[in-house]
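Peer 1: Test case, fold it:
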Amino acid sequence: MRATTALLLRAEGYVVDEAGGGEEALAWLADHPVDLLLTDLKMEPMDGLQLLKRAVEIAPRLSVIVMTAYGSIETAVEAMRRGAYDYITKPFKDGELIHRVDKGLEHAGLISAVDLFAGEFKARHGLSSLVGRSQAMRDLTTRISRVAASEATVLVVGESGTGKELVARAIHALSGRSRAPFVPVNCAAITESLLESELFGHARGAFTGAVKARRGLFEEAHGGTIFIDEVTETAPAFQSKLLRVLQEGEVRRVGESTSIQVDVRTVAATNRDIELEVNDKRFRQDLFYRLAVVTLVVPPLRERLEDVPILAQHFLDRANARSRKPHRLSPSALDHLSTYGFPGNVRELENLVEQAAALAEGEELLPDDFPLRRKSGDQVPAVVIPSSPGGPVQSLADAVTDAERRAITSALEQSPHDLSRVAEVLGVSATTLWRKMKRLGLKTTGEEPQLS
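Peer 2: Sure, this is the predicted structure:
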């Protein structure tokens, strides 16, 4: 079936590579650029769900289509929940397969553009925080691409450090206004008395210190996009004037009696519960409805921890480029980071990686290089734990190392000559197991496996 399917796709002009199983497919993905993976679900020894999980770790932008018999549709739906693009039931018609492959490749191209992996654009605007393979980020980037093509006013909500301004920049960059200015303003950073002048401009002599007329940020953003961050920090008097600008498309400089027409798209953001602000009469309801034509919610990093390895590697690559030090992330460090709640979100992760790269003694970054501010209730115990009741205090790193050594030793006793089986029992890849055994001083079986 694999051979005939490959022939069909080649006849349609696709470049097709074949793999006889999951491990062979992963080896190919590790060394070659691939846009779409078509895989069966029922395979041995690695099934389609296992292949899906490891494939998207290697190639986060990969579109995956799973093939399944009619009776396994529930499993196919589970595969889509885990990140597959689509599924197709067997037997299928040639035209149906071609159509799904076409759509899958279109999806891969869209993810490349919308996830903002394009190197030049990402470097220019620092949009790597929007990168991710989690369902939450894929949903967000899809909504960004759809709303960017419109002229709708957008309200972006999310916790501090999640990347709300990056979302606004993405909307601008993917819109028809991308060649015009993108003008950001943080309302929380400007005093109430100066905010109106900053956004709307002022006439000469309008107030003490206004020695000459000045254009406001709305005028500077003419033809482009203005990003009003922390909009809920504004006073009611200013909110009424902002509402007029959005309704009428014109601004009036402080101290002047005539209005100026502006063609500006507005994106606003807040880290507060804006509906609660409206209910408590701290924010105008009519302005809320004017701003929230489309609402985009940026998820906190703790709700998409599967994106931590991608983001951490990006921040480390950037730190390495600046310092020219060849640091690398150890698997144990990634495990360490992936259990943390990140109250500071992506910004905190970036700071942690930069700090580790600046202070680490060796080339490989280890868990101890990432001091995490844990609180009670977090997933992992805080800083130190006792090795035995009433006994001496043991550091968390030592406790984890001891636990890893005991778990690996126990699994090796059951399957001493089959590292693949040991890795499967422990729930890690063969490469991760090999590295842990090497670090712990346990007997390994030669060179590091090529697969990860």
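Peer 1: pull the helix or strand with minimum mean pLDDT from the chain.
Peer 2: strand 384-386 (a mean of 36; mean pLDDT, DSSP states H and E).
Peer 1: for the chain, which spans come out with low pLDDT?
Peer 2: For the chain, the stretches flagged by pLDDT under 70 are 70-73, 109-131, 206, 208-211, 374-401, 427-429, 431, 444-452.
Peer 1: Locate the residue of it with the greatest distance from its centre.
Peer 2: For the chain, the residue at maximal distance from the C-alpha centroid (C-alpha atoms, centre = their mean) is residue 205, at 47.7 Å.
Peer 1: Name the helix or strand for it, please.
Peer 2: Here residue 205, judged by DSSP states H and E, is contained in no helix and no strand.
Peer 1: Would you quantify the distance from it to residue 183?
Peer 2: 25 Å (C-beta to C-beta, to the nearest Å). For every residue, glycine as well, the C-beta is placed using N, CA and C.
Peer 1: Can you pull the domain assignment for this structure?
Peer 2: As given by automatic domain parsing, the domain ranges for the chain are 2-114, 127-299, 304-369, 384-440.
Peer 1: What about residue 1, how many residues nearby?
Peer 2: Residue 1 is flanked by 9 other residues according to other C-beta atoms under 10 Å.
Peer 1: any idea how far the residue farthest from the centre of the chain lies from residue 253?
Peer 2: 12 Å.
Peer 1: which residues touch the closest residue to residue 352 other than its chain neighbours?
Peer 2: In space, and not counting its chain neighbours, residue 352 is closest to residue 370: 5.4 Å by C-beta to C-beta, 6 or more residues apart in numbering. Going by C-beta atoms under 8 Å, 6 or more residues apart in numbering, residue 370 touches 333, 336-337, 352, 356.
Peer 1: ok, now residue 425?
Peer 2: Contacts of residue 425 (C-beta under 8 Å, 6+ apart): 411, 414-415.
Peer 1: Highest neighbour count among those residues?
Peer 2: Comparing the contacts of residue 425 by number of neighbours (other C-beta under 10 Å), residue 411 comes first, having 19 neighbours.
Peer 1: Wait, that one touches residue 424, no?
Peer 2: No: Residue 411 sits out of contact with residue 424 when judged by C-beta atoms under 8 Å, with a separation of 9.4 Å.
Peer 1: so residue 337 sits right up against residue 349, yeah?
Peer 2: Yes: look at residue 337 against residue 349 with C-beta under 8 Å: they come within range, at 7.2 Å.
Peer 1: Now the common contact residues for the two.
Peer 2: 308, 312.
Peer 1: which other residues reach the helix ranked longest in the chain?
Peer 2: Criterion DSSP state H: the longest helix present in the chain is helix 94-114. With contacts defined as C-beta under 8 Å, 6+ apart, helix 94-114 is touched by 5, 8-9, 12, 14, 35-36, 38, 61-63, 65, 85-86, 88, 117-118, 138, 141-142, 144-145, 170, 174.
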